[in-house]
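Novice: Pasting a predicted model and its sequence here:
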2 protein chains.
Amino acid sequence: MNVLIVHCHPEPHSFNAALTEVAVDTLAAQGHDVTLADLYAEGFDPVERPDHYIHRHDTDVFLPLNEQRHAFDNKGLSADVAREIERLEDADLVIVQFPLWWHAQPAMLKGWFDRVMVYGGLYSGSRRYDRGHFRGKRALCSVTTGSPQAAFGPFGRGGDIATLMWPTHCSLYYLGFDVLTPQLTYGVQGGGLSYQDDASFRAYLKSAKTDWQTRLDSVDEERPIPFTGWRDWDEHGVLKAGHPLRWRA
Amino acid sequence: MNVLIVHCHPEPHSFNAALTEVAVDTLAAQGHDVTLADLYAEGFDPVERPDHYIHRHDTDVFLPLNEQRHAFDNKGLSADVAREIERLEDADLVIVQFPLWWHAQPAMLKGWFDRVMVYGGLYSGSRRYDRGHFRGKRALCSVTTGSPQAAFGPFGRGGDIATLMWPTHCSLYYLGFDVLTPQLTYGVQGGGLSYQDDASFRAYLKSAKTDWQTRLDSVDEERPIPFTGWRDWDEHGVLKAGHPLRWRA
């Protein structure tokens, strides 16, 4: 299996970095080919803007999707985006490692979606969801949070983690990925070391690493999160009348 | 009233820019003081990283929250962040205008949260939610989407827009803002001009501008979205047993 790990944290000695190291080591020891995309280390530019397009489709008005399609079709994508797409094409499993900042991905990672997932190349109106470009590949988010687990439960003030993960999971499924249950590590203050004393922090890091390693040992066998698909929707993209999931209404 | 409009779109002639122009004109005509933070035009850097902190709290390990607190306490925040904070402090109403890209804010805007909403300065463990720094101020997201409205309904394949807005609304409430219902303009392809023919596009833009202007005429009188608060939660930040909102369990 080819595994791509997209790692997003500014500190090389962070909790997130330790989890990525575990993933690299565990998967390599199993004989998988592991590629690491360390976005901060590589200085990835997350801002979608005109400068990235040398040969513009339209120099009067900057419409990102039109420029993406034009650049993809004419092999004019910037080098960093082309490299990320190549990495994705090679991968069977994509692991995305990041800290939850402000209830979502850090800007660096959000921009990886904005810039790399190019219209025309990696999706189009008819090539999305279960007909998406990356169907057959799997994706898994490994996420650390600052607040403890209770705050991110269904009645927690942090805002139910399943809901906070929804936009990212939607994006991955939109691209065709089978999305695995996220790996959640709660209560990692500051996205790096903890406010706790060192001994309890080290013990927590050790247990988080063990949990992650144990899970990765059998990640091949996991069932993805179920999503509805094209055959469930009507012509407006809405669940068909009588679909069993409409019971919520 | 002092109004801050945080505008995030790379194209000055975009649909988003037209909506921001309407907001500036409408609110100014009512006699409000309007400040525009045009993130792309100002070249805002959305990446939280060590370079932004000249006088580091800890030069060995980069822990963003610790550096934020240290820089805030020692007046060492970078000039762009300090300016954004000043704008926020002056505002009674904050309007955030952006296109929904990959089910969330563009990276540029996400990084505005990551970098500007500094720990220690704008929030702390005890200064959050309805005890948040910006309590008494209001915030309103005005968002364009590429897909049409049906796809973003509760049973739409785009993923219920209320859920997609949840992380951003959580962040605003976390900071103490009263969050108003978002202004949603659907079916704006490419975040800018439309794939539709020009006449129907211009008609749609006109109606979207009218809707927005009409709403802004009486935005003072709107009731914010209800959130639970400190008196609803137990010591773990979870809705208290017997709270009426626990009926979902």
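Specialist: Right, received. Where do you want to start?

Novice: for chain A, what spans make up the strands?
Specialist: Ranges of strands in chain A, per DSSP state E, are A:2-7, A:33-38, A:93-99, A:138-144, A:178-179, A:183-185.

Novice: helices or strands up against the third one?
Specialist: Just to be clear, that refers to strand A:93-99. Here strand A:93-99 touches strand A:2-7, helix A:15-29, strand A:138-144, going by 3 or more C-beta pairs under 8 Å, 6 or more residues apart in numbering or on different chains; DSSP states H and E. Every C-beta, even on glycine, is put in place using the N, C-alpha and C of the backbone.

Novice: who touches it?
Specialist: A:1-9, A:14-16, A:19-20, A:23, A:88, A:105-106, A:109, A:137-146, A:168, A:177, A:188, A:191, A:219 (C-beta atoms under 8 Å, 6 or more residues apart in numbering or on different chains).

Novice: same thing with the shortest one?
Specialist: Contacts to strand A:178-179, defined as C-beta under 8 Å, 6+ apart, come from residues A:Arg135, A:Gly136, A:Lys137, A:Arg138, A:Ala139, A:Leu140, A:His169, A:Leu172, A:Tyr173, A:Pro224, A:Ile225, A:Phe227.

Novice: wait, the first one sits on A:Gly176?
Specialist: I take that to be A:Arg135. Yes: applying C-beta atoms under 8 Å as the test, A:Arg135 and A:Gly176 come out as touching, 3.8 Å apart.

Novice: follow-up on the earlier one: and the contacts of strand A:178-179, which two are the farthest apart?
Specialist: A:Gly136 and A:His169 (17.5 Å; C-beta to C-beta).

Novice: and the longest helix seen in chain A, which residues are buried?
Specialist: For chain A, the helix with the greatest residue count under DSSP state H is helix A:198-217. For helix A:198-217, burial by neighbour count (16 or more other C-beta atoms under 10 Å in any protein chain shown) applies to A:Phe201, A:Tyr204, A:Leu205, A:Ala208, A:Lys209, A:Trp212, A:Gln213, A:Arg215, A:Leu216.

Novice: Turn those into JSON lines, including pLDDT and distance to B:Ala28.
Specialist: Putting these into JSON lines (pLDDT from 0 to 100; distance: C-beta to C-beta, whole Å) gives the following:
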{"residue": "A:Phe201", "pLDDT": "80", "distance to B:Ala28": "52"}
{"residue": "A:Tyr204", "pLDDT": "88", "distance to B:Ala28": "53"}
{"residue": "A:Leu205", "pLDDT": "89", "distance to B:Ala28": "53"}
{"residue": "A:Ala208", "pLDDT": "95", "distance to B:Ala28": "52"}
{"residue": "A:Lys209", "pLDDT": "95", "distance to B:Ala28": "56"}
{"residue": "A:Trp212", "pLDDT": "98", "distance to B:Ala28": "53"}
{"residue": "A:Gln213", "pLDDT": "97", "distance to B:Ala28": "58"}
{"residue": "A:Arg215", "pLDDT": "97", "distance to B:Ala28": "55"}
{"residue": "A:Leu216", "pLDDT": "97", "distance to B:Ala28": "56"}
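
Novice: Now flag whichever of the residues you listed is closest to chain B.
Specialist: Nearest to chain B, judged by C-beta to the nearest C-beta, of the buried residues of helix A:198-217 is A:Phe201 at 12.1 Å.

Novice: how near is that closest one to B:Thr185?
Specialist: A:Phe201 sits 46 Å away from B:Thr185, going by C-beta to C-beta, to the nearest Å.
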